[in-house]
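> Please work out how this folds:
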Amino acid sequence: MGILNEMFGDGDSGQLSAPEGELLAEGEYESNAEEILKGYKVYQKKYVFRSLIWKILLVLLAMTSSVMMIMTSEDPVMPAMCLMISIAVGIWFISTPVSNRKKLMRGLDSMEGTLYKAEFFTDKIKISTCVDDNVENENIPEESEQTEQTEQSEADMALDGEKEEIPATVIHLDSPIVDLIDKEDMFILVVKKSYVFIIPKKAFGSEECQKVREKLSVIMGIRYKL
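The predicted structure follows:
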């Protein structure tokens, strides 16, 4: 968890934090299934499918070698096992991105309409969940309830989205495992080629988007992808 703890944090670790970078853009947006799938498709093309091609080529090479060994070896048991393992690995390589996409689609209904706030700084990007002020004072425990019971319900309140403050996700842009894809209508933030955040540009003004491009393209270099 070491590197992920550095990448994702709520900014309240009890340690002295570094000086905050310059704020480039700030805006709110609602989670939209169509936008998420569109951004996820871009991510899969750039990262998942490209690496999948090389993986499949290696699997095919291993399968070919196994078949040749079966044809020439006096004892084909081991080559046959290698062939079966190669086939299983190939199936796993292909099924993983399909499975991940299905999991995403199953979770989109629960995410639909959730309000988020995104803040772009010169050194990091902060994404947090906005809390509706109308819900803020609902389900407050009565004074007669035990303090221990109130404290125990904090985790449940967070899961239900009723907690007053939900820790924000902070992605530090100085890390080499962070990429930012700048599309016409959205920013796609990719961490370790595995974690994806879709941020629509409609959350910001045109001047803010231009400022993000000018500043972060210089700061991130080739990790800022147009």
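> for the record, mean pLDDT for the strand or helix carrying Ile56?
Assigned by DSSP states H and E, Ile56 belongs to helix 49-72. Averaging pLDDT along helix 49-72 gives 85.
> what do you get for stretch 108-115?
Mean predicted lDDT for stretch 108-115 stands at 76.
> re the thing from before, what's in contact with the helix holding Ile56?
Helix 49-72 is contacted from outside by 76, 78-80, 82-83, 86-87, 89-90, 93-94, 97, 193, using C-beta atoms under 8 Å, 6 or more residues apart in numbering. Using the backbone N, CA and C atoms, a C-beta is placed for each residue, glycine as well.
> Do a quick rundown of the helices in the protein.
Secondary structure of the chain (DSSP state H): helices located at 2-7, 33-43, 49-72, 77-111, 133-136, 147-152, 154-159, 206-220.
> and these as CSV, adding mean neighbour count?
Listed next are the helices of the chain as CSV, based on neighbours: other C-beta atoms under 10 Å:
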stretch, mean neighbour count
helix 2-7, 11
helix 33-43, 16
helix 49-72, 13
helix 77-111, 13
helix 133-136, 9
helix 147-152, 10
helix 154-159, 11
helix 206-220, 15
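> who wins for proximity to Phe120 among these?
helix 206-220 (5.1 Å; C-beta to C-beta).
> CA atoms only for that closest one - export them in PDB, please.
Only the C-alpha atoms of helix 206-220 are listed here, as PDB (Å, rounded to 0.1, in the frame of the first residue of the first chain):
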ATOM      1  CA  SER A 206     -12.700  27.600 -21.200                       C
ATOM      2  CA  GLU A 207     -10.000  29.800 -19.700                       C
ATOM      3  CA  GLU A 208      -9.500  27.400 -16.800                       C
ATOM      4  CA  CYS A 209      -9.100  24.500 -19.200                       C
ATOM      5  CA  GLN A 210      -6.600  26.500 -21.300                       C
ATOM      6  CA  LYS A 211      -4.700  27.300 -18.100                       C
ATOM      7  CA  VAL A 212      -4.600  23.600 -17.100                       C
ATOM      8  CA  ARG A 213      -3.200  22.700 -20.500                       C
ATOM      9  CA  GLU A 214      -0.500  25.400 -20.600                       C
ATOM     10  CA  LYS A 215       0.700  24.800 -17.100                       C
ATOM     11  CA  LEU A 216       0.500  21.000 -16.700                       C
ATOM     12  CA  SER A 217       1.700  20.200 -20.200                       C
ATOM     13  CA  VAL A 218       5.000  21.900 -19.200                       C
ATOM     14  CA  ILE A 219       5.100  20.400 -15.600                       C
ATOM     15  CA  MET A 220       4.200  16.800 -16.600                       C
END
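> Sweet, I'm off.
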